Structures are given as structure tokens and as C-alpha cells.
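[1] only geometry, no sequence info:
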């Protein structure tokens, strides 16, 4: 009876480990609480490794040896699989490639409503950003960023979408675009919310002359237990914005690439878009929260593009962790495909 119970527990643990390692295969990547657990893949892999060691210690007790060794094997396999996925997605790069004439640099930073316009401007200029997506940032702060960047010799136009004034910017998303990319306008459905993310706004900017990428400053609601439906709808809406090749999405998706199962089409991860950080070696580096070291955090801020663009480099900036935001900036360099 005890042996049968041990086999049953081992099988249940193996299934649980498989679900947490490949949640999209089991189609539970956007189900509470699995969605929250798999956001921290590095922590999960470390946890499996520690459980494997603990099981090996229990194997020293002779009556438990077979059961404990079976559990150790399951946990070790999950730890290795998780660690392999982390390494394949990329654990960090230290520099961007030289910027060419056709390069476009995209910066996204959820400022969490912090009064850090000068910090954003200085960082954006230092990174030579052409597009700056700022979730949880009011248009007043965005305009202050643009003015500060102008004073530093780097002109930008400010655009935004908002769902009202909550006093600190959670209901606002600001988007800065270099005039070098042409004239842009935020589409009406972003402004009036008739087609947008559910609870916090995204801003879809289209080139006025029809020449240039569609640029989306994205912000999906956080997957709190009561908001899971809204969160799933937001991710589907963001996937729908990736229906063409010449599109750039940047912002706080409140989701890692583990949550994009069945949302990709034609080889894309999210709609027809792929993740630039994964392409360029930073896909496992956490952008939230700043009180966890980057490799232990959740990579929920993204720059994603259609196949008209290729990511040639990226950086997750950890030097601004005490700036006032609980997110880290992500910078990506893009080149036209072909």
C-alpha cells in the first residue's frame, strides 16, 4: 500500500513539474495560479533543484530510498529543463551594436508614475532611442521628457492614450517618436477606448503618410486573480495588433513569453510578432520587480516586432533600480529585415 502511494505521489509530482515547465503545451499558461508561478522561471528552476537535493537527503533513510530517488530524478529533470530554457532565452548582454543609418532603437520603461522625467530623458538620449514607450506615464510627464530630450539635442514628439486621471499615471500610456521616423497620429480607437486593452490603455500610432511601422505602446492589465479574464483579453488584443509585418510593440505586457501559447500565428510568438529580447540574448532577464536581482525577476516588459524587423541587440538596464519605478528599462536595437 505504501509503495503504491509512493508511486502515485511520484506520478502527481512528475505531472506538476511537467505542467510548470511546459505550461503552454498543457494550455494552462494563462490559468491562475500557474500563470503567476511560471512568470519567475529562474526561481522555479532553482526551486526544483533544491527539491531534488532535499529528496536525495531523504534517500539516506533506507525505507524511503526508492521513493526519494524517484522524486529526486523528477525534480532534477525539471530543474535541468527549466535551466536550459533560461539559458536558451538569454541571461543578459552587456552592449548594443553600433547604430547604423537604418537602425531603430526602441526603449520601453513602465515608470510607475514616478516623477523621473529628467532621468528618462537622459537615459533615452544616452541610448539614442527613436521610440520610447512609457506605460503608467501621464502626457504631462511625457511632454517633460520630450522637452528635456530636445534640450539635449534629441527631438521627439509625444503621443498618449488615457482612461482618466488616477493621480499617478496608471491609467495613462505615453509614446515618444522621433521626427526622423515621420509624422504619426494615435488612432481614434486608442483614444476613445473602443478598441484597446481593457483596464489600462495602450496607444496605437500610425504613420500619417502611410510609410513606416505601426508603433504600439502596450500595457496589459496585471494578472491578478480577479483580472484574469481582462488579462487574457488584453494579450489577445495585443496579438491582434501583430497582424502585419511592419509593426513594433513595446511596453509592459504583464506577461512573459511563457504566457503566449496559442497566441502566435505564422511562426510568431504573439500574432506574427517575435520577442526582440529572446532574439538578442536577454529573454530571461527580469524587468520586474526591481527589488529582485534581474535573473530572478520576471521578464514582463517586451519589444516585439513583425518580420519586417530583426533585433540585433538589447539591454535590460539595472543601473536605475532605485529611480522610483519597480520596472527596469529595456532597450532594443532593430534593423530592417533583408
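    Arrived safely, thanks for sending. It should be emphasised that the depicted structure is a prediction, and the values quoted were computed from it without experimental measurement.
[2] What's the local residue count around the closest residue to residue 298 other than its chain neighbours?
    In this structure, residue 298 finds its nearest non-sequential neighbour in residue 39, 4.2 Å apart by Cβ to Cβ, 6 or more residues apart in numbering. (Glycine included, C-beta is placed from N, CA and C.) The number of residues packed near residue 39 is 21, by other Cβ atoms under 10 Å.
[3] Can you verify my assumption that residue 39 contacts residue 256?
    Yes - assessed by Cβ atoms under 8 Å, residue 39 is found in contact with residue 256 at 5.4 Å.
[4] list the residues that contact both of these two?
    298, 300 (Cβ atoms under 8 Å, 6 or more residues apart in numbering).
[5] hang on, the earlier thing: so what's the backbone phi/psi at the residue nearest to residue 298?
    phi -60, psi -30 (degrees, to the nearest 10).
[6] contact partners of the lengthiest helix in the chain?
    The single longest helix within the chain, with elements called by DSSP state H, is helix 65-89. Contact with helix 65-89 is made by 3, 6-7, 9-10, 13-14, 17-18, 20-21, 41-42, 44-46, 48-49, 51-53, 55-56, 58-59, 61, 257, 277-278, 283-284, 295, as judged by Cβ under 8 Å, 6+ apart.
[7] sorry, back to before: look up how far residue 185 lies from the residue nearest to residue 298.
    34 Å (Cβ to Cβ, to the nearest Å).
[8] and what of residue 8?
    Taking Cβ to Cβ, one finds residue 8 at 61 Å from residue 185.
[9] Between these two, which is the more surrounded one?
    A count of neighbours by other Cβ under 10 Å puts residue 185 above the other of residue 8 and residue 185, at 14 against 10.
[10] which one is the more buried one nearest to, not counting chain neighbours?
    residue 208 (5.6 Å).
[11] Now stretch 64-82: buried residues?
    By neighbour count on 16 or more other Cβ atoms under 10 Å, the buried set for stretch 64-82 is 67-68, 70-72, 74-79, 81-82.
[12] Next, the angle from the worst-scoring helix or strand of the chain on mean pLDDT to helix 65-89.
    Ranking every helix and strand in the chain by mean pLDDT, DSSP states H and E puts helix 2-21 at the bottom, with a mean of 88. Angle of helix 2-21 versus helix 65-89, following axes from the mean of the first three to the mean of the last three Cα atoms, to 10 degrees, is 10 degrees.
[13] Show me what counts as buried in helix 2-21.
    Judged by neighbour count using 16+ other Cβ under 10 Å, the buried positions of helix 2-21 are 6, 10, 13-14, 17-21.
[14] Touching that helix from outside, list them.
    26, 28, 34, 37-38, 44, 48, 66-67, 70-71, 74-75, 77-78, 81-82, 85.
[15] wait, residue 222 sits on residue 234?
    No - the pair residue 222 / residue 234 is not scored as a contact, 9.8 Å apart, by Cβ under 8 Å.
[16] who has more neighbours, those two?
    Set residue 222 next to residue 234 and count neighbours by other Cβ under 10 Å: residue 234 wins out with 26 against 17.
[17] Contacts made by whichever strand or helix holds the more buried one with the rest, please.
    For residue 234, the host element (DSSP states H and E) is helix 228-240. If you take Cβ under 8 Å, 6+ apart as the criterion, helix 228-240 is touched by 30-32, 35, 195-199, 202, 216, 218, 220-223, 249, 253-255, 259-260, 263-265, 270-271, 273.
[18] Emit the PyMOL select command for whichever of these are buried.
    Per 16+ other Cβ under 10 Å, the buried members of the contacts of helix 228-240 correspond to this PyMOL selection:
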select buried, resi 30+35+196+197+198+199+202+216+218+220+221+222+223+249+253+254+255+259+260+263+264+270+271+273
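[19] neighbours of residue 209, just the number please.
    The burial count for residue 209: 9, using other Cβ under 10 Å.
[20] Oh, that last question was meant for residue 122, not what I typed.
    Counted with other Cβ under 10 Å, residue 122 comes out at 15.
[21] Could you pull up phi and psi at it?
    Torsion angles, degrees, to the nearest 10, at residue 122: phi -60, psi -40.
[22] does it really touch residue 152, like I thought?
    Yes - between residue 122 and residue 152 there is a contact under Cβ under 8 Å: 7.2 Å.
[23] if we can go back for a sec, where do the contact lists of residue 222 and residue 234 overlap?
    Joint contacts of residue 222 and residue 234 (Cβ under 8 Å, 6+ apart) are residue 254.
[24] Next step: the contacts of helix 228-240 restricted to strands.
    Using DSSP state E, the members of the contacts of helix 228-240 that fall within strands are 216, 218, 249.
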